[in-house]
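Student: Okay, here's the prediction I keep looking at, along with the sequence it came from:
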Amino acid sequence: MRRKSSKVGRTELALIGLLCTLLYDFLTNAVFSLTFNIPLTIAILAGIPFALAHELSNAALFSIVGPELIRFVDRFLTRTDRQSDLSS
């Protein structure tokens, strides 16, 4: 069985990386705030420098490594599908 190749561009991957990291950083700051009894706004403001570096670096990493990783997984799954078709 042939798999459909998914076409996800570098821009979409960068956006996914940025948004996922933004959510992760917000949740991390919220838990930090609750754990140490610090107001949420202060925890978020204090985390801005790290969050910016974290979000931008993940966006870059997703857009650079993502397409090759998707191709690798597609090839692996296609090969696995062929092997399972042969053994059936």
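Tutor: Right, received. Where do you want to start?
Student: hey, let's count contacts and neighbours off CA atoms from now on
Tutor: OK.
Student: what mean pLDDT would you report for the one helix or strand I16 maps to?
Tutor: When secondary structure is defined using DSSP states H and E, the element that contains I16 is helix 10-35. Mean pLDDT, helix 10-35: 97.
Student: Which strands and helices lie in contact with it?
Tutor: In this structure, helix 10-35 packs against helix 40-87, with contacts taken as 3 or more C-alpha pairs under 8 Å, 6 or more residues apart in numbering; DSSP states H and E.
Student: From the contact counts, what lies against the helix it packs on?
Tutor: For helix 40-87, the helices and strands in contact under the criterion 3+ C-alpha pairs under 8 Å, 6+ apart are helix 10-35.
Student: Now do the helix it packs on against helix 40-87, angle only.
Tutor: 130 degrees (axes from the mean of the first three to the mean of the last three C-alpha atoms, to 10 degrees).
Student: Give the buried residues for helix 10-35.
Tutor: Neighbour-count burial for helix 10-35, with 16 or more other C-alpha atoms under 10 Å as criterion, is recorded at 10, 13-18, 21-22, 25-26, 29-30, 32-33.
Student: Also stretch 58-71?
Tutor: Applying a neighbour-count criterion of 16+ other C-alpha under 10 Å, one finds N58, A59, A60, F62, S63, G66 buried in stretch 58-71.
Student: contact partners of that stretch?
Tutor: V8, G9, R10, T11, E12, L13, A14, L15, I16, G17, L18, T21 (C-alpha atoms under 8 Å, 6 or more residues apart in numbering).
Student: any chance of the buried residues of stretch 58-71 in a markdown table, plus pLDDT?
Tutor: Converted to a markdown table, the buried residues of stretch 58-71 look like this (pLDDT from 0 to 100):
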| residue | pLDDT |
| --- | --- |
| N58 | 98 |
| A59 | 98 |
| A60 | 98 |
| F62 | 97 |
| S63 | 97 |
| G66 | 95 |
